[in-house]
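A.B. asks: sequence and predicted structure, then a few things I'm wondering about:
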Amino acid sequence: MKVIKDYIEVLFLQVPVTPETLQVKEDLLNTAEDHFEGLVTEGVSEKEAIGIVISEFGSIDDILTELELNKVKPEVAFDSADEQTTLTIAEIETYWAETRTLNVSMGIGLAMIAFGFACLPLLPYGNGGVVTFLILMFILFLWGIGFLISFIHFLQYRKKTQQLADVSVSAEIRAHAEQKMEEYRKSYLFGMSAGFLSFLFALPTIFFFFHLFYSSMLGIFFFFILCGIGMFLILYVSLIQKEFKRIVNMSTNVKKKRQRLKKTRNRTVASFHEDIFWVSVVIVYFVFSFMFRAWLYSWLIFLVGYVVGELLKNRIHHKQSIENEGV
């Protein structure tokens, strides 16, 4: 019922507050509650009942026309350069579908990189000959293609989300996004739980295969497979949930959104560069460890990477602080 109540609240955001409109809002809420309870009693699920009740409301313009009322005119005036484009529900649904496809592609790219790591234990079986060379080429192929897929679709995803900087959404669309987010909640929790469980059981597989089959290589293979599955699930469901929240929390003031976007753009780029840096450190660590069998001291690579990363981070933050002072 919270979804229906919130939907009615946002419907009346731009309606003048008078005793008449307050009474109408209360009557609509009571009618919606009765209709919802009646549908549930008939055996309709709560999600379907919410969708049916909301779909029967119509637009706020139809309600106001029947009441012979008008919306409150917006007090914020936009310059000609700040003209807004209001999205429709169909356009929002298309946006969600496109970003979901991009999320899948990014996840596949990361999974290919993880599978490349899973193939690293196969290198010693080639005895340094042609088979080792072919395995190494296959691993580099997986890393290269996986990185390109993830990077290209990340740029497309970023470009797609930045297009929302110059548009606005109505109260009805925000309520629709909130309903979709509530419907997706179970899938989100399941995906996040499954992803974390994949990471949780990844490390024990190494010891399991070592004690059961006396093969640590097979354990390392499944370790990276489970890490890849967990990474894909967490990335997929979290980005879908993020897009629902993005629409729910969208501001109607385009000028303010542009200013906020300008201030946060540098932080987003810095975060992406930091992720790329640590992925590179991990790749160097595993390649160096497997090729030179230097597991005893190769962990020092992470210490060096931390020092280098902090130096780069401080330099980037200093540069961004200077740029943000001019915003």
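C.D. replies: Thanks, I have it. Numbering: from 1, shown residues only.
A.B. asks: please make it C-alpha for all contacts and neighbour counts, starting now.
C.D. replies: Will do.
A.B. asks: what are the ranges of the helices in the stretch 201-327 of the chain?
C.D. replies: Counting by DSSP state H, counting those that start in this stretch, residue ranges of the helices within the stretch 201-327 of the chain are 216-248, 254-292, 300-324.
A.B. asks: out of those helices, deepest packed?
C.D. replies: Mean neighbour counts were taken over the helices of the stretch 201-327 of the chain using mean count of other C-alpha atoms under 10 Å, and the top value, a mean of 20, falls to helix 216-248.
A.B. asks: which strands or helices does that helix pack on?
C.D. replies: Applying 3 or more C-alpha pairs under 8 Å, 6 or more residues apart in numbering; DSSP states H and E, one finds that helix 216-248 makes contact with helix 89-118, helix 171-183, helix 185-213.
A.B. asks: what's the mean pLDDT across it?
C.D. replies: Within the predicted structure, the mean pLDDT of helix 216-248 is 85.
A.B. asks: angle of it against helix 89-118?
C.D. replies: For helix 216-248 and helix 89-118, the angle between their directions (axes from the mean of the first three to the mean of the last three C-alpha atoms, to 10 degrees) works out to 160 degrees.
A.B. asks: what angle separates helix 216-248 from helix 185-213?
C.D. replies: Between the axis of helix 216-248 and that of helix 185-213 there is an angle of 170 degrees, by the same axes, to 10 degrees.
A.B. asks: retrieve the pLDDT associated with the nearest residue to Val281 once chain neighbours are set aside.
C.D. replies: In space, Val281 comes closest to Gly305 once its chain neighbours are excluded; the distance is 6.5 Å by C-alpha to C-alpha, 6 or more residues apart in numbering. As predicted, Gly305 sits at a pLDDT of 80.
A.B. asks: what about Gly305, distance to Ile152?
C.D. replies: Distance, Gly305 to Ile152, by C-alpha to C-alpha, to the nearest Å: 26 Å.
A.B. asks: export the helices of the stretch 201-327 of the chain to TSV and tack on distance to Ile135?
C.D. replies: As requested, the helices of the stretch 201-327 of the chain are exported to TSV (distance: least, C-alpha to C-alpha, whole Å):
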stretch	distance to Ile135
helix 216-248	14
helix 254-292	12
helix 300-324	24
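A.B. asks: which of those helices sits closest to Pro124?
C.D. replies: Each of the helices of the stretch 201-327 of the chain was scored for nearness to Pro124 using C-alpha to C-alpha, and the closest is helix 254-292 (8.3 Å).
A.B. asks: what mean pLDDT does the closest one get?
C.D. replies: Helix 254-292 shows an average pLDDT of 64 in the prediction.
A.B. asks: and Arg100, what is it in contact with?
C.D. replies: With contact taken as C-alpha atoms under 8 Å, 6 or more residues apart in numbering, Arg100 is in contact with Tyr236, Leu239, Ile240.
A.B. asks: nope, Lys242 is what I meant
C.D. replies: Contact analysis of Lys242 by C-alpha under 8 Å, 6+ apart lists nothing.
A.B. asks: repeat that for Leu136.
C.D. replies: Under the criterion of C-alpha under 8 Å, 6+ apart, the contact partners of Leu136 comprise Leu120, Leu123.
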